[in-house]
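>>> starting from these lines, generate the structure:
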Amino acid sequence: MTRERVQASETNSGTATDSRPTHRSGRVTSIDALRGLVMFAMIFVNYLAGAGEIVPDGMVHFSDRHPHASGMTFVDVVFPAFLFIVGMSVPFALGARLARGEARWRTLVHILVRTLALLSIGVLMVNGRPDAQRLGWSPKLWQTLMYLAAILAFSVISPPNRPRLPTRPWRILSLTCRVLGLATLVWLAFAWRGGDGERIITLWPFTLRTQWWGILGLIGWAYLVGSIIHLVFGAHRTALLGCLSLLLCLYAADRTGLFHGLWLRSVIGIGDTLGSLPAITVAGMLLASILTSTEAMRPAARIRFAALFMAGTAAGALLLEGLYGISKDRATPSWCLWACAITAATWLVFHVICDMRGEAQDARATARVRGARTVTGALSVAGRNVLLAYLISNVLPSAFDLLGQGWFWGILQSGLTAAILTSAACGVLILGASAGLNRMGFTLRL
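Down below sits the predicted model:
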């Protein structure tokens, strides 16, 4: 919320001294910092995976080395953590629209358009490289162009901290980039050919090669379900808890065959894609309610709520482990709830360091965490536009392959220490580059 909206909400609630942290820029520093950390982890593990068998079991997806066993590593927390952060961000993003009087149907249109954008990029990404013989030109070039076009398609270019510059030329430049990017994505989608002549999309009869929708596609479905729930129930905690439970029950119902034969099941996974994964997003919305609720919550009350949230989700994960096991690939409820507990614990650390600085009564305590705030401050800057960092992290390997620069993969595979240091450096450099582009006025907006 902006400063004016925070003051208005305090007046409307009749509370002169609301102890909730105020967010003058419309952003919550702890959520941005958590998003930055998760994006760094995502880039790190994706690059580290290129090192192959030298990577120890604890630094790859559990299912990669134990296909049918129950368990998880820290790598298996990265994706659900992002879903959780999406949920924490939804009340602020949609709440700002509703607070300025936007009609709910317009907000719904915004949600649908954003979901469609995520699904589209996800489908293009999950189909990977086309067949070279069928395509007729380099699959590496197709993939590189796809990521570059996605960056252009959702780009917003504005004058970098120069309010006196005319905005019209910048708007024209943004619109030109978006049109060029969207047109290129459409062309690439129709140009794609698989090994047996498959296409990503055909118009008549209409077909869409969705595969499993890809990472961004799964995020899009979870965002859609969570956003609709927010439009209906807002920050009502009891309703959010009920929706969280029902979504997890949807997974159980799907496993028992309740939806067997339903046509929707051939298009999208009901128990996982529409059930357990959106449950993680709704869990993030539930935790964020302590920041968006109109009632005054003191710091101790927020910490107590977060602690109870972590205890509840961890207990649920333990109780459900014997029923479905812990599996990222199957999106089991136990895996979802463990991810919620771990992500909430990480956010709470950032919340204490970042958001409660003005509430600290002990000046010496504030000095003790000054160094930690420097790190979290850098993460929060990096976490403000992570889609750009994510697409850059994907286009670089494609570009290296296209240019025949095999030295990069040679470094990753030269040894575990080199692989870890290179992957970490890539994460820092990519996040730094995206933050630098943001400061220069180049951002991505769905």
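
>>> F442 contacts S155, correct?
Yes. Using CB atoms under 8 Å, F442 is in contact with S155, at 6.5 Å. In this view, the C-beta of every residue, glycine as well, is placed from N, C-alpha and C.

>>> how about T443, secondary structure?
Recorded secondary structure, T443: strand (DSSP: H, G, I helix; E, B strand; the rest coil).

>>> just the pLDDT for it.
With respect to pLDDT, T443 has a value of 91.

>>> what about it, neighbour count?
By the measure other CB atoms under 10 Å, the count of residues near T443 is 19.

>>> for H61, give me its contacts.
Neighbouring residues of H61 by CB atoms under 8 Å, 6 or more residues apart in numbering: T73, V75, D76, K328.

>>> can you pull the contacts of the residue positioned nearest the centre of the chain?
The centroid of the chain falls nearest to F82 when counting by CA atoms, centre = their mean (3.9 Å). Taking CB under 8 Å, 6+ apart, we find F82 in contact with R35, V38, M39, M42, I219.

>>> make it 6 Å
V38 (CB atoms under 6 Å, 6 or more residues apart in numbering).

>>> distance of it from G284?
Separation of F82 from G284 (CB to CB, to the nearest Å): 10 Å.

>>> how about R106?
24 Å.

>>> quick check, distance from stretch 302-309 to the centre of its chain.
23 Å (CA atoms, centre = their mean, to the nearest Å).

>>> per-residue pLDDT, W142?
pLDDT recorded at W142 is 95.

>>> next one: it from L188, what distance?
W142 is 6 Å from L188, by CB to CB.

>>> then S423?
Distance of S423 to L188, given as CB to CB: 28 Å.

>>> likewise A344?
From A344 to L188 the distance is 39 Å (CB to CB).

>>> more neighbours: which of those two?
For A344 and L188, the more surrounded residue by other CB under 10 Å is A344, and the numbers stand at 26 against 18.

>>> can you list contacts of stretch 67-80?
Residues from elsewhere that reach stretch 67-80 (CB under 6 Å, 6+ apart): 41-42, 45, 58, 60-62, 280, 325-326, 328, 335, 339, 342.

>>> got a markdown table for these, with secondary structure, distance to G257 and pLDDT too?
Output for these, formatted as a markdown table (DSSP: H, G, I helix; E, B strand; the rest coil; distance: CB to CB, whole Å; pLDDT from 0 to 100):
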| residue | secondary structure | distance to G257 | pLDDT |
| --- | --- | --- | --- |
| A41 | helix | 36 | 96 |
| M42 | helix | 34 | 97 |
| V45 | helix | 35 | 96 |
| G58 | helix | 36 | 93 |
| V60 | coil | 33 | 94 |
| H61 | coil | 28 | 95 |
| F62 | helix | 27 | 95 |
| I280 | helix | 24 | 98 |
| G325 | coil | 18 | 95 |
| I326 | coil | 22 | 97 |
| K328 | coil | 23 | 96 |
| W335 | helix | 21 | 98 |
| A339 | helix | 26 | 98 |
| I342 | helix | 31 | 98 |
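
>>> can I get those in TSV with distance to T207?
What follows is the contacts of stretch 67-80, written out as TSV (distance: CB to CB, whole Å):
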residue	distance to T207
A41	36
M42	31
V45	33
G58	41
V60	34
H61	30
F62	34
I280	30
G325	34
I326	35
K328	29
W335	32
A339	34
I342	39
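
>>> next one, pLDDT for the residue nearest to the centre of the chain please.
For F82, the predicted pLDDT is 97.

>>> burial count for R104?
Neighbour tally, R104, other CB under 10 Å: 12.

>>> how about it, nearest residue that isn't a chain neighbour?
Of all residues not flanking R104 in the chain, L231 sits nearest, at 6.1 Å (CB to CB, 6 or more residues apart in numbering).
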